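# One predicted model, sequence on top.
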Amino acid sequence: MNSTSASDASLYEIALSSDQPSLVLQISPATLKSVVSSFIDLLVEQKIPAIVWAKLPRGDIWQDELERYLALPGVSRAIYQFKNYRDESGLEERGEDAGMNSTAITAASPAPSDRPGPVGQPVPDNGSGQAIASILLAPDSHLRREYCLVVWSTEFQGMVLAHRPRSAQIMKSTSGTSDSSPGQPGTGSGAEDGQEKRQNLLAMISLDPGLISRILTGLESAAAFSQARLAAETGTAQPDELPDSVRQWQALMATMPAAEANPCLLGKLLTQQIQQQEEFWQRSITYRKQAEIAEVLQVQNAELSNAIRLKDDFLNNVGQELRTPLTTIKTALTLLNSPNIKPPQRQRYMDLIAKECDRQSSLITSLLDLVQLEQVVDQSSLQPVRLAEVVPGVVSTYQPVAEEKGVMLAYTVPEDLPPVSCMSNWLKQIVINLLNNGIKYTPTGGQVWVRAKRQGDYVQLEFRDTGIGIASSEVPKIFERFYRVRQASEESASGAGLGLTIVQQLLIHCGGSISVRSKPGEGSTFNVLLPVHRSALDASSE
Ligand code: ADP
């Protein structure tokens with residue numbers, strides 16, 4: 001081996017150029033971690049004496065894997081850990097302890113006092129008398145973009161290799177945080193740290209001793225190359241020398257010739273991997289469920305926020321609507337106080353005040369009705385109610401009002417109509433509001449009819465008048481809260497613009513609907529559909 005070669009070779013390339021290369025898998029760092037854990041589990045559980053070579057991402061969770069094997073008592077083992085040498089300032093990779101002390105199998109030439117040694121890096125002794133030998137990689141080593149865990153023992157040889165593709169490097173140099181020249185492996189900037197955690201890797205797994213031997217030769221070249229590079233840089237060069245660590249592992253390997261693969265161990269490795277796979281699967285199901293719940297909560301949250309916003313709008317409208325009559329009353333009162341006021345004027349202001357008081361009162365009643373409606377009612381619990389028991393009674397109370405205005409009021413409600421699904425007082429309220437409007441918006445000499453008839457699974461209740469009608473542009477708006485069509489008519493001013501809103505809400509609550517046809521100057525027809533009560537539907541289907 002020539003340790004002064006221009007560069008070492010990529011382990012990934014070595015594996016790819018093999019006669020029977022392993023399948024290249026695209027895996028996440030989490031999967032790499034799971035494979036590394038399986039290898040270490042096997043060594044620990046089966047107490048296998050082995051040599052381990054590792055080049056792992058930074059971080060305690062990776063380091064802990066090696067420590068797990070290191071902590072195994074009574075088993076002879078050697079661990080060689082390759083690490084990226086940080087930069088020209090002589091600092092090593094973040095997260096590593098620069099103050100660690102030398103170990104039994106550290107192979108470096110002694111380092112100058114303030115810089116880590118070129119190849120062997122001090123490592124802590126875990127108390128078992130054995131430790132991890134740390135081998136620093138030169139900044140231009142191919143291994144800087146690679147990870148590996150190679151295990152060599154008599155009864156089991158295995159390795160996992162992973163390569164970080166270049167795309168991340170491109171991202172890194174455009175992000176302006178690069179601390180290495182393009183094409184040169186990164187040296188661990190903040191941006192790279194993040195990428196290292198997320199970026200997918202190209203990986204290969206092999207249990208073939210022949211390929212593993214070739215990979216180990218690659219690791220030897222990497223150690224020798226890095227020693228030569230770093231030693232030249234620090235002026236402690238003895239470039240052609242093979243690193244002590246390499247000499248050590250070569251000697252150790254000579255004592256561990258590969259025996260026939262143990263199928264039992266391979267089976268265990270496979271079982272462990274399947275177990276981990278199952279755990280991942282279970283965890284992914286849990287995460288998916290949590291994500292679904294989060295999604296539902298998000299929708300509910302949006303709905304609630306929307307409901308709160310609508311309530312705010314509503315309160316805002318209510319405030320404005322309540323203020324309008326008060327302003328008029330206040331003005332009328334001021335005028336009434338004037339010393340020169342004549343009796344007819346006084347009467348006009350008194351009438352105005354009385355009308356505004358009525359409006360205020362009807363507004364408050366309607367508001368209370370609406371608030372009550374907010375309480376959700378289970379439709380299936382609605383009792384059957386007969387129109388013939390409600391409509392005639394309400395119409396008759398409006399007869400005097402209609403007569404006084406000179407409006408003809410009539411109704412047709414057949415006795416044999418099936419009962420509908422509604423609350424009796426709701427039905428009364430619907431009839432009152434629509435009848436009230438019909439009479440209110442129909443001039444003297446006009447007519448108002450109320451007619452009921454069956455229509456499939458519904459009973460249709462029609463309110464038809466020959467009144468002023470509604471412009472087609474206004475029709476879609478009349479069911480909105482507080483909406484009133486602007487008109488010169490005296491009567492319209494007395495409404496709160498809530499009557500139709502309440503009717504519509506009541507109908508929604510009992511599964512019905514309302515529609516309107518109208519022509520200005522000819523009149524309006526409000527069509528109410530009320531669902532026939534379930535009991536009547538069941539009886540007719542028997
Ligand atoms: P209001 O209390 O103002 O009558 P409603 O919600 O009952 O409030 O009605 C909203 C608007 O719809 C009214 O201001 C009126 O302009 C119009 N409207 C309702 N019913 C009729 C009708 N039968 N004929 C003409 N316009 C109507």
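Cool, the structure landed.
# Residue 204 belongs to a strand, doesn't it?
Yes. Looking at residue 204 with DSSP: H, G, I helix; E, B strand; the rest coil, it is inside a strand.
# For it, list the residues it contacts.
Residues in contact with residue 204 (Cβ atoms under 8 Å, 6 or more residues apart in numbering) are 12, 15, 16, 21, 22, 23, 24, 25, 160, 161, 162. Using the backbone N, CA and C atoms, a C-beta is placed for each residue, glycine as well.
# Per-residue pLDDT of it, please?
pLDDT for residue 204: 94.
# State the pLDDT value of the residue nearest to it when sequence neighbours are not counted.
Spatial nearest neighbour of residue 204, excluding adjacent residues (Cβ to Cβ, 6 or more residues apart in numbering): residue 22 at 4.2 Å. Looking at residue 22, its pLDDT is 80.
# For residue 15, see how far away residue 22 is.
7 Å (Cβ to Cβ, to the nearest Å).
# More neighbours: which of those two?
Set side by side, residue 22 and residue 15 give different neighbour counts by other Cβ atoms under 10 Å, the larger being at residue 15 (25 against 18).
# related to what we said a few turns ago, closest one to the ligand out of the contacts of residue 204, please.
For those, the closest approach to the ligand (Cβ to the nearest ligand atom) belongs to residue 25, at 68.3 Å.
# what's the burial count for the closest residue to the ligand within the stretch 201-350 of the chain?
Across the stretch 201-350 of the chain, no residue is closer to the ligand than residue 321, which sits at 10.8 Å (Cβ to the nearest ligand atom). Neighbourhood size, residue 321 [other Cβ under 10 Å]: 19.
# so how far is the helix or strand harbouring it off the chain centroid?
According to DSSP states H and E, residue 321 maps onto helix 263-336. How far helix 263-336 lies from its chain's middle: 11 Å, per Cα atoms, centre = their mean, to the nearest Å.
# what comes up buried for the helix or strand following that helix?
Proceeding N to C from helix 263-336, the next assigned helix or strand is helix 343-373, under DSSP H and E. By neighbour count with 16 or more other Cβ atoms under 10 Å, helix 343-373 contains the buried residues 349, 352-353, 355-356, 359-360, 362-363, 366-367, 369-370, 373.
# need the contact list for residue 148.
11, 53, 54, 55, 82, 159, 160, 161, 162, 215, 219.
# out of the contacts of residue 204, which are inside helices?
Assigned to helices by DSSP state H, the following of the contacts of residue 204 qualify: 12, 15, 16.
# circling back to that earlier point, would you check that the residue of the stretch 201-350 of the chain closest to the ligand makes contact with residue 483?
No. At 11.1 Å, residue 321 does not count as touching residue 483 under the criterion of Cβ atoms under 8 Å.
# Give the residues shared as contacts by the two.
By Cβ under 8 Å, 6+ apart, the residues touching both residue 321 and residue 483 are residue 497.
# Who is residue 82 paired with across the strands?
Here residue 82 sits in beta bridges with residue 135, going by DSSP bridges.
# tally of neighbours for it?
If we define neighbours as other Cβ under 10 Å, then residue 82 has 25 of them.
# I figured residue 534 was touching residue 421, is that so?
Yes. Using Cβ under 8 Å as the test, residue 534 is close enough to residue 421 to be in contact (6.8 Å).
# Looking only at neighbour counts, state which of these two leads.
Of the pair residue 534 and residue 421, residue 421 is the one with more neighbours under other Cβ under 10 Å, namely 24 against 15.
# so how far is the ligand from that one?
24 Å (Cβ to the nearest ligand atom, to the nearest Å).
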